[in-house]
Structures are given as structure tokens and as C-alpha cells.
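**Student:** have a look; sequence and predicted model below, questions after that.
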Amino acid sequence: MTVRVRTVHTADLDRAELRAARDLLDAVFEGDFGDPDWEHALGGLHVLVHDERGLAAHGSVVQRRAGHRGRWLRVGHVEAVGVRADVRRRGLGGRVMTELERITERAYDLGALSASDDGAALYHARGWRLWRGRVCALGPGGVVRLPEEEDCTFVRTTPGCPLDPAHELVFDWRDGDVL
């Protein structure tokens, strides 16, 4: 299988490419990928993997902020990673993640993502670590704990950004699923 990997900012994707990515993610997540999920994937860099049939895999990284130990960190938040059903287990998710990891390591203090049960093994195998501390968000009414995110939030630190799970990670607020 011959594939082409392309990294591109949301602003440089045309309507057809955006539609193809959204359609792929709708299929991958079997109807459990809503408009807020799609919105979370926009505004950053997308990694697109094409094969002879079209778009085979997608992932994006967008900037977020997270407070930790009195400091606000630039977070490369990985979003909307998915591989078309007919080409799963052929390394395309890894190709997407290699590029997203390169971006997070070079441009951000920290990489973070919220993993599905199916995706957790991939991220763990690639060196992402389940966050063992509290996960919170800075909401309209102040800091809100997100216990449902504490068993699926993975992080990948960069040099010079040690994290201490004794202290919470406080992410910026957004509509839909906060993480």
C-alpha cells in the first residue's frame, strides 16, 4: 500500500478536504463524533494520510492551556485520531502519531489527549503516560474537577516540563467534552 502523509493547518484545507476528514471521523467513531468534537479538532495542524482510495487516517493537534503548579503551560492537544476500518492495524495510526508527536515535542510544553478505550493501547505503546493526578478545567464558575477524564487523559512531557501528579492539571474550558 502506497500512502502519502500531509501536514497542513486548518486554514489551508479546502471544503472538500474538511468534509472528507469529518466523514472519515464520523465513520471511525460510528456516530459518536459530534459537532463539538469536530470543532475541537480545528484551528491547528492536521495530519492526513491518503492511500489509493482516498483519506485513510487523520489526526490533529491544537493549542490549549493547562495550569500546573502555578504555571500555565502551552499544551499540544491531540484530537480526532482515526483510521479507516479497511486499513486498520497497518501502521497508519502510528504514522499520524509520529507527526503529531514531532509537533508537540517541538512546539509545546506538553502533549495531552483523551483516549478512547480502543486508542489507549496505541498511545501507551508510543510512550504516552496515563495522567495519575486530578484533571480539572477552569470553567465559567471557577475550577471544576473532571473525574470522568482521570482514567483516560494521557500526557507526553517535553524536556524542562516535569509534571507532578500530586498537583492537578487544570485545562482551559471549551464547549462539549472539555477534554
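**Tutor:** Yep, that arrived. Numbers count the residues shown, from 1 in each chain.

**Student:** give me the helix or strand of the protein that scores worst on average pLDDT.
**Tutor:** Scoring the helices and strands of the chain by mean pLDDT, DSSP states H and E places helix 117-125 at the bottom, with a mean of 89.

**Student:** how far does that one sit from the chain's center?
**Tutor:** Offset of helix 117-125 from its chain centre (CA atoms, centre = their mean, to the nearest Å): 12 Å.

**Student:** and it, what does it pack onto?
**Tutor:** Helix 117-125 sits against helix 92-107, strand 153-157, with contacts defined as 3 or more CB pairs under 8 Å, 6 or more residues apart in numbering; DSSP states H and E. Using the backbone N, CA and C atoms, a C-beta is placed for each residue, glycine as well.

**Student:** list the buried residues in it.
**Tutor:** Gly119, Ala120, Leu122, Tyr123 (16 or more other CB atoms under 10 Å).

**Student:** try stretch 18-37
**Tutor:** Buried-residue list, stretch 18-37, by 16+ other CB under 10 Å: Ala20, Ala21, Arg22, Leu24, Leu25, Asp26, Val28, Phe33, Asp37.

**Student:** pull that stretch out as PDB, backbone CA atoms only.
**Tutor:** Output of stretch 18-37 as PDB, limited to C-alpha atoms (Å, rounded to 0.1, in the frame of the first residue of the first chain):
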ATOM      1  CA  LEU A  18     -12.500  19.200   5.600                       C
ATOM      2  CA  ARG A  19     -15.600  17.200   4.500                       C
ATOM      3  CA  ALA A  20     -13.500  14.100   3.800                       C
ATOM      4  CA  ALA A  21     -11.900  14.300   7.300                       C
ATOM      5  CA  ARG A  22     -15.200  14.800   9.000                       C
ATOM      6  CA  ASP A  23     -16.800  11.900   7.100                       C
ATOM      7  CA  LEU A  24     -13.800   9.700   8.000                       C
ATOM      8  CA  LEU A  25     -14.200  10.500  11.700                       C
ATOM      9  CA  ASP A  26     -17.900  10.000  11.600                       C
ATOM     10  CA  ALA A  27     -17.400   6.500  10.200                       C
ATOM     11  CA  VAL A  28     -14.400   5.700  12.600                       C
ATOM     12  CA  PHE A  29     -16.300   6.700  15.700                       C
ATOM     13  CA  GLU A  30     -19.600   5.100  14.400                       C
ATOM     14  CA  GLY A  31     -21.800   8.100  15.000                       C
ATOM     15  CA  ASP A  32     -20.200   9.100  18.300                       C
ATOM     16  CA  PHE A  33     -18.300  12.100  16.900                       C
ATOM     17  CA  GLY A  34     -20.400  15.200  17.200                       C
ATOM     18  CA  ASP A  35     -20.100  18.800  16.100                       C
ATOM     19  CA  PRO A  36     -18.300  19.900  19.300                       C
ATOM     20  CA  ASP A  37     -15.700  17.000  18.700                       C
END
